[in-house]
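Engineer: Predicted coordinates and the sequence they were generated for:
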Protein chains: 2
Amino acid sequence: MVIVGGGFGGLYAARALAHRPVRVTLLDRRNHHLFQPLLYQVATAVLNASDIAVPLRSVLRRATNITVLLAEVEKVELANRRLVLDRGEMGYDALVLAAGASHSYFGHDEWEMLAPGLKTLEDALEIRRRVLLAYEAAEREQDGAERQALLTFVVVGGGPTGVELAGALGEISRQTIARDFRLIDPTKSRIVLLEGGSLILPTFPESLSRSAADALRRIGVEVRVRAIVTRVTPDAVWLGGEQIRTRTVLWAAGVAATPLARTLGVPLDRSGRVLVEPDLSIPVHPEAFVVGDMCAFLHQTGAPLPGVAPVAIQQGRAVADNVLRRLRDAPTRPFRYRDRGSMATIGRAAAVAVVGRLKLSGLVAWLAWLFVHIMFLIGFRNRFLVLFEWAWAYVTWHRGARLITGPWRGRGAARGQ
Amino acid sequence: MVIVGGGFGGLYAARALAHRPVRVTLLDRRNHHLFQPLLYQVATAVLNASDIAVPLRSVLRRATNITVLLAEVEKVELANRRLVLDRGEMGYDALVLAAGASHSYFGHDEWEMLAPGLKTLEDALEIRRRVLLAYEAAEREQDGAERQALLTFVVVGGGPTGVELAGALGEISRQTIARDFRLIDPTKSRIVLLEGGSLILPTFPESLSRSAADALRRIGVEVRVRAIVTRVTPDAVWLGGEQIRTRTVLWAAGVAATPLARTLGVPLDRSGRVLVEPDLSIPVHPEAFVVGDMCAFLHQTGAPLPGVAPVAIQQGRAVADNVLRRLRDAPTRPFRYRDRGSMATIGRAAAVAVVGRLKLSGLVAWLAWLFVHIMFLIGFRNRFLVLFEWAWAYVTWHRGARLITGPWRGRGAARGQ
């Protein structure tokens, strides 16, 4: 059988199939599993890329029934039970599709270059680069208005990712680099969080949404609700007739399933996710399953489940079980999501969490957040390093990974030694 | 006064001028100081980029007389005491040029794309990417000859960088990833170190060169001396009529001073380095100094000093002293390099070192190497993290930073979740 994608859904399916009587091939276009819930910390220079990513091969090293291949799946031919890869093809008897999601710019794909989203390590490093370069450019800028535009950061989207990014930007400007510059005052930077709805963190209870907004305002973030972005240009974001001059826009608003779903030729929902059966299989193709952000599972609440790691993990394990059931000709089992709660962090000692009927905010929510995220990081090494980086950042207010890497203007002159 | 370049020469000059009665501007096109002696460990996936790099701003945060600017110097106009930057210009009363070196392909600049060198963090990440991708491609390759070419790694240049890269590649193939693949056997990879002269590590005593070559052979590296590369193609390296089929060539052979030196209009040596006066100033321009890899200092041995960190550090401190002397109208002092020894590491518990008349090899040289490199790393945080990564790699044989990042073929399909 073949698993497409090594994110939470695919990896947990593979782990559940390790050492079982089935030959598994796991395909991913990256060589690593990424712990996406902490990706914003790579973007905001707390963590290194390798702190939250682990090579798929090394996670699955001992599972000799699993082969990991670096490959991109371009098309799924359900009728022929065949995958078209970037090079060659591959047949399958059973299939798990776990290829995740990408950003949605609501029909404005031209905004992608101006307002990068946060899905991959490269995205995170690009956001880090833009934020740090904006401060460097401001330090060199003579023109007052342009300098203020460089010191204005706009985050679009008030979900957990947007809240976490805005909170981290607030802390960077107010604390981390407050004394690093000579000509600008980073504590004067303007950080704006734009949310289209009437509340940030709309999936949380209203009281927690309000306390999150208060916590953000305390660290200097302007929270604007009912703010619909109508235009993004290289030097501004427009809300209808209003213009916010900025050089740095980060996109945390829309999510769309991967284009791979469209190659299936089966019914999709509005966001491009595959409408699955109760056992997570594709209608008429009981040997093919879909999990995680690619999947629209409507059989529990009538609406798709949220695109979060716990859903993908539980679905990955469920399809592994269903694949094994099919092997021994047993009936598959319907999937049911057990919601163990959700949380979002705002900054130092500030978070919101909801666990069953329990609503937490402030320090206790933050400690719960720390605990859960460390527990789910894969591998001792990563857990230890992340704990160390967090402790270091907490004690010193510094951020360890403040490096700008990536393309530079031209080559040759005056490179650092 | 202005310092161009935040490598060892420029940073140590700046540090020596901190809190002194002089206003200093440090220009670099990167935002970080890079601990280049450990760069090969980033390339070979032991260390993270941020373990060996530290933001210049944060190193110099407390020195309020020093302003750090991210800028690229395109031209130095010595006669007008003016720098032409990527944006704007900047005058100076005193100048320290410390812009370092880049690779030399001996007139074959077209080889650069095929055989990347190792000078910057981006270089290191590109080399890591190529090495890891070669194994991934080999795992997918059906054709036997092509698979062998993918599993062949050629390092050109038998100096310390080449020896360290080849040794690390030997360990990766024989240990780190030995059991990570299902279809290939990484321990069968071929690692070839090519040196044009008759001995590797030519600046070391002959007995150490020989013991280094023996140590490399023990970990599976083919050491070839008197091997002159005559051609590099996308799938082979040519030594005259002989062809070595390979997909991965790493360049550790030639060094050339930065093109910035050519804009000075003063005499340069064959490698493009500035011929300086005994006090490291440029002839006829006593207010302008050159240090590190950009500088050809012939007044001690008749030949230029080696392009290593201790030379740059001592020169940086010496010019800082000479700048202060000029401020109080005192005569400048001639520079003299104190050679405290040199070392190169081959692999796990294997290195060579020469300190005065003492020649060390094996475990004791390796421990000395560890000690010296940890001592010179700037900042507690980096020291601690590097020690942890090394201890982890030593105990587990794993490498923590085995991530492939960078450009991927196309976008959109089947991204990992």
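Structural biologist: The structure has been received and is ready for your questions.
Engineer: In PDB, could you pull the C-alpha coordinates for stretch A:112-120?
Structural biologist: Taking Å, rounded to 0.1, in the frame of the first residue of the first chain, the C-alpha atoms of stretch A:112-120 are listed here in PDB:
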ATOM      1  CA  GLU A 112       0.900  35.400  -2.500                       C
ATOM      2  CA  MET A 113       4.200  37.000  -3.500                       C
ATOM      3  CA  LEU A 114       3.400  40.100  -1.400                       C
ATOM      4  CA  ALA A 115       1.900  38.300   1.600                       C
ATOM      5  CA  PRO A 116       3.500  34.900   2.300                       C
ATOM      6  CA  GLY A 117       1.600  32.300   4.300                       C
ATOM      7  CA  LEU A 118       3.000  29.800   6.800                       C
ATOM      8  CA  LYS A 119       2.800  26.100   5.800                       C
ATOM      9  CA  THR A 120       6.400  24.900   5.100                       C
END
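Engineer: Briefly note if that stretch comes near chain B.
Structural biologist: Yes: residues of stretch A:112-120 contacting chain B under CB under 8 Å from any CB of the partner chain: A:119-120. Bear in mind the C-beta positions are built from the backbone N, C-alpha and C, glycine included.
Engineer: Run through who's touching that stretch.
Structural biologist: Contact partners of stretch A:112-120, identified using CB atoms under 8 Å, 6 or more residues apart in numbering or on different chains, comprise A:30, A:34, A:36, A:39-40, A:43, A:100-103, A:105, A:123-124, A:126-127, A:130, A:156, A:161, A:165, A:232-234, A:249-252, B:415-416.
Engineer: now with 6 Å?
Structural biologist: By CB atoms under 6 Å, 6 or more residues apart in numbering or on different chains, the residues outside stretch A:112-120 that reach it are A:39, A:43, A:103, A:105, A:123, A:126-127, A:161, A:232, A:249, A:251.
Engineer: Buried residues in that stretch, which are they?
Structural biologist: A:112, A:114-120 (16 or more other CB atoms under 10 Å in any protein chain shown).
Engineer: Which residue would be the closest one in the stretch 101-250 of chain A to chain B?
Structural biologist: At 3.9 Å from chain B, residue A:136 is the closest residue in the stretch 101-250 of chain A, using CB to the nearest CB.
Engineer: Quick check: that residue is in a strand.
Structural biologist: No: counting by DSSP: H, G, I helix; E, B strand; the rest coil, residue A:136 falls outside a strand, being helix.
Engineer: For it, which non-adjacent residue is closest in space?
Structural biologist: residue B:70 (3.9 Å; CB to CB, 6 or more residues apart in numbering or on different chains).
Engineer: Can you give me the neighbour number for that neighbour?
Structural biologist: Residues within reach of residue B:70, counting by other CB atoms under 10 Å in any protein chain shown, total 21.
Engineer: The one 10 residues further on too?
Structural biologist: The burial count assigned to residue B:80 is 11, neighbours taken as other CB under 10 Å.
Engineer: Distance-wise, check it relative to residue B:69.
Structural biologist: Per CB to CB, to the nearest Å, residue B:80 is found 20 Å from residue B:69.
Engineer: How about residue A:275?
Structural biologist: 55 Å.
Engineer: So which residues of the stretch 301-417 of chain A form strands?
Structural biologist: In the stretch 301-417 of chain A, the segments counted as strands under DSSP state E, counting those that start in this stretch are A:342-347, A:350-355, A:358-361.
Engineer: where does chain A dip in pLDDT?
Structural biologist: Chain A contains residues with pLDDT under 70 at A:378-381, A:384, A:387-388, A:391-401, A:403-417.
Engineer: what about 80?
Structural biologist: For chain A, applying pLDDT under 80 flags the ranges A:254-255, A:348-349, A:375-417.
Engineer: Tell me where it has helices.
Structural biologist: A:8-17, A:39-43, A:56-59, A:121-140, A:144-150, A:160-171, A:206-218, A:309-327, A:363-376, A:380-396 (DSSP state H).
Engineer: so can I have TSV of these showing distance to residue B:21 and mean neighbour count?
Structural biologist: As requested, the helices of chain A are arranged in TSV below (distance: least, CB to CB, whole Å; neighbours: other CB atoms under 10 Å in any protein chain shown):
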stretch	distance to residue B:21	mean neighbour count
helix A:8-17	58	27
helix A:39-43	41	26
helix A:56-59	55	24
helix A:121-140	23	21
helix A:144-150	29	16
helix A:160-171	36	27
helix A:206-218	42	19
helix A:309-327	56	22
helix A:363-376	46	16
helix A:380-396	30	16
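Engineer: which parts of stretch A:179-186 are buried?
Structural biologist: Of all the residues in stretch A:179-186, those buried under the rule 16+ other CB under 10 Å are A:180-181, A:184, A:186.
Engineer: Those residues: which ones sit near chain B?
Structural biologist: The subset of those within reach of chain B, by CB under 6 Å from any CB of the partner chain, is residue A:180.
Engineer: hmm, back to that, tell me how far the residue nearest to residue A:136 lies from residue A:199.
Structural biologist: 39 Å.
Engineer: picking up where we left off before, which of the buried residues of stretch A:112-120 fall in strands?
Structural biologist: Assignment to strands by DSSP state E places none of these there.
Engineer: TSV for the residues you listed, including distance to residue A:267?
Structural biologist: Output for those, formatted as TSV (distance: CB to CB, whole Å):
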residue	distance to residue A:267
A:112	27
A:114	33
A:115	31
A:116	31
A:117	26
A:118	29
A:119	25
A:120	28
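Engineer: ok, back up a step: will you turn the helices of chain A into CSV that also has distance to residue B:267?
Structural biologist: Shown next, in CSV, are these (distance: least, CB to CB, whole Å):
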stretch, distance to residue B:267
helix A:8-17, 61
helix A:39-43, 47
helix A:56-59, 54
helix A:121-140, 33
helix A:144-150, 42
helix A:160-171, 50
helix A:206-218, 60
helix A:309-327, 63
helix A:363-376, 60
helix A:380-396, 48
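Engineer: among the ones you listed, which is nearest residue B:383?
Structural biologist: Residue B:383 lies closest, by CB to CB, to one member of the helices of chain A: helix A:380-396, at 12.2 Å.
Engineer: near chain B, which residues of the stretch 151-300 of chain A show up?
Structural biologist: A:180, A:182, A:259-260, A:292.
Engineer: Of those residues, which is the nearest to residue B:54?
Structural biologist: Closest to residue B:54 out of those is residue A:180 (12.3 Å), distances taken as CB to CB.
Engineer: residues contacting the closest one?
Structural biologist: For residue A:180, the contact set (CB under 6 Å, 6+ apart) comprises B:57, B:61.
Engineer: which residues touch residue A:377?
Structural biologist: Per CB under 6 Å, 6+ apart, neighbours of residue A:377: A:35, A:383.
Engineer: Could you do residue A:244 as well?
Structural biologist: Shown in contact with residue A:244 (CB under 6 Å, 6+ apart): A:154, A:237.
Engineer: got it, and residue A:27?
Structural biologist: If you count contacts by CB under 6 Å, 6+ apart, then residue A:27 has A:4, A:69, A:71, A:73 around it.
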